[in-house]
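[1] here are the coordinates; sequence isn't available:
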């Protein structure tokens, strides 16, 4: 029998997840004066997704960590 470990980064993101991630990205971009279509905003979005998949599910903590990334 094959054993396969499912990692959090392999799980799908549902609409509720995407709504939260989008809100966090909007907040960080607004506070930093960034347009969401810029490469910097895209990098921040990728960091937010990565943190979320690693278990940071609180929007405030995600925003704080994303701002620290800047």
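    Perfect, thanks for sending it. Predicted model only: the values in this text are computed from it and were never measured.
[2] can you give me the buried ones in the helix ranked longest in the chain?
    In the chain, taking DSSP state H as the definition, the longest helix is helix 15-32. By 16 or more other Cβ atoms under 10 Å, the buried positions in helix 15-32 come out as 20-21, 24-25, 27-29. No exception for glycine: its C-beta is placed from N, CA and C like everyone else's.
[3] after that helix, which helix or strand is next?
    Next helix or strand after helix 15-32 toward the C-terminus (DSSP states H and E): helix 39-53.
[4] for that next one, packing partners?
    Here helix 39-53 touches helix 15-32, helix 59-69, going by 3 or more Cβ pairs under 8 Å, 6 or more residues apart in numbering; DSSP states H and E.
[5] any idea of the pLDDT on residue 10?
    Residue 10 carries a pLDDT score of 70 in this model.
[6] ok, now which ones touch the closest residue to residue 67 other than its chain neighbours?
    Distance criterion Cβ to Cβ, 6 or more residues apart in numbering; nearest residue to residue 67, sequence neighbours excluded, is residue 28 at 5.9 Å. With contact set as Cβ atoms under 8 Å, 6 or more residues apart in numbering, residue 28 has these partners: 34, 44, 48, 63, 66-67.
[7] 10 Å - rerun?
    34, 36, 41, 44-45, 47-48, 62-67, 69-70 (Cβ atoms under 10 Å, 6 or more residues apart in numbering).
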